[in-house]
Structure formats: structure tokens, C-alpha cells
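1. what follows is a predicted protein model with its sequence.
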Amino acid sequence: MIKDTNTFTDLKSYLIDDEGFTSYKENEFVIIWKDKTQVDLIPFGDLEREGIVTVKGTGFTSMNVEGFREVFEQASEEIETENQRFKVCTLPGIVILKLIAWDDRPEVRRDDIDDIAEIIKNYFHLNAEIIFEHHSDLFTDEIELDEIASRFLGREIGKIISGNPKLIKRIKGILENGLAESNNLAELFASESYETIDYSKSLISHMLKGIADITTLDQ
């Protein structure tokens, strides 16, 4: 989260000149560590223009950073390692960013949907205690644990995006389009989770219901 592109340029130059990273000519937001590990530097904040960040360079120089500010402010937590503290993104925040990234470039971002499906498959186990304690209304005779997890995940996403009507509309629109026959979101979910397309649509529907539990577009 920075104010101007000069900060981005200075950071990138430092990492390349002093820390051994190399540039990647096809994408100005990417640097490479030890010739094999891709690191994405994604600036956002006051330098955005209608959710888009543009930097100088060649190749890929403009990026949609819609949702980054909300995730930074509402869906980040601190961890400590080797006596240093870092902010990391929570799983609901990751799902928001991956949905937007996939929707922007579905032809190259299939892995984002794979990751979301993997999160849903493990989300109940990771959050069982809080779901039992605070979301017992989700338990009915006709619902599977993954569907409960998906609706709970939707509620957590709703909390993050509730202050931004434009972002609410964007996320809901991605999921609603994913239920259409002409959209391959449910198919991608199914291929990763080894479930049917109908069950994958149910997971998407429950995530939508969870978001609707928290947000309305006329807030």
C-alpha cells in the first residue's frame, strides 16, 4: 500500500540491484528469485485510478487492484517469524482477490479457481469451532459440510467488502455469472474438487447466500 509509483520503482530497483532478484521483461510487476521463483510486487493505494495501477516499463504494465485496499484493511493479520512481524492475508481475503484475478483474465488464471476449491474443501475443518459456536443456524438436515463452509466463507467475505458497494456488486456478479450455463466457473470448481457441476453450483450459491447474509447493494 503506497502513495506513488516512485516508491514502487525504488523498491523494485533495490531488490534487483542489492538483493539478487532479476527483472522479468514480460511483466513489470514480477521479479525472479534465483532464476526460478516468481515474486509479484503489486502496488495499490493512493496511486490507483479507478482500481487500476499503471507503472512505467514494457510488457504488462497495468493491473486491476480492485479489492486490495479492502483486503489490506479488513482481511489481514500479523504473524511473527524470526523476531519479525509481517502482515499476511486471511483466506477470505485471498478468495476475494483470486475471484477478481480470475474474472479479469480467465484464460490464464485457472489456478485461482483451483485454489478457491481447495480452500473450500478445508474451510470447515479450519473453522469448525467458530462455525459451531457462532453459526449454528447453518446446520440443517439437507446440507453438506462443504456447503456450510462455503456459506460461512461468504459471510466472512461479506464483512470485508460490506463498505464498498462497487466491490459487492463485482464479487456477487462473478459468482452469479458462475451459475450460468455459458460460464465455466462451476466446471472449474468441479474438476478441482472432484464433485459434480451441480454440486459445485451449490457451493457457489451458498457462498452467494453467505455474502447476502451480510451485505446489500443499497447500503
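-> Cool, the structure landed.
2. who's in contact with residue 103?
-> The contact partners of residue 103, by C-beta atoms under 8 Å, 6 or more residues apart in numbering, come to 170, 174. Any C-beta I mention is one placed from the backbone N, CA and C, and that applies to glycine too.
3. make it 10 Å
-> Contacts for residue 103 (C-beta atoms under 10 Å, 6 or more residues apart in numbering) come out as 64, 66, 109, 112, 170, 171, 173, 174, 175, 177, 178, 185.
4. also residue 166?
-> 50, 51, 66, 67, 217.
5. are any of the contacts of residue 103 buried, and which?
-> 64, 66, 109, 112, 170, 171, 174, 175, 178, 185 (16 or more other C-beta atoms under 10 Å).
6. can you give me the distance of the residue lying closest to the second one once chain neighbours are set aside to residue 149?
-> By that I understand residue 66. Distance criterion C-beta to C-beta, 6 or more residues apart in numbering; nearest residue to residue 66, sequence neighbours excluded, is residue 51 at 4.1 Å. Using C-beta to C-beta, to the nearest Å, residue 51 is found at 29 Å from residue 149.
7. of the two, give the one with the bigger neighbour count.
-> Using other C-beta atoms under 10 Å as the criterion, residue 51 and residue 149 rank with residue 149 on top: 26 against 17.
8. for the more buried one, give me phi and psi.
-> phi -60, psi -40 (degrees, to the nearest 10).
9. thinking it is in contact with residue 139, fair?
-> No - Residue 149 is beyond contact range of residue 139, at 11.8 Å (criterion: C-beta atoms under 10 Å).
10. all helices for this structure, in order.
-> 5-18, 68-74, 91-104, 110-134, 145-161, 165-177, 185-193, 197-214 (DSSP state H).
11. which stretch in the ones you listed has the least confidence?
-> Mean pLDDT is lowest for helix 185-193 out of the helices of the chain, coming in at a mean of 82.
12. list the contacts of it.
-> 99, 102-103, 106, 110-118, 120-121, 146, 174-180, 184, 195-205.
13. next one: stretch 52-63
-> 2, 5, 8-9, 12, 23-30, 40-45, 47-49, 51, 64-66, 68, 101, 104.
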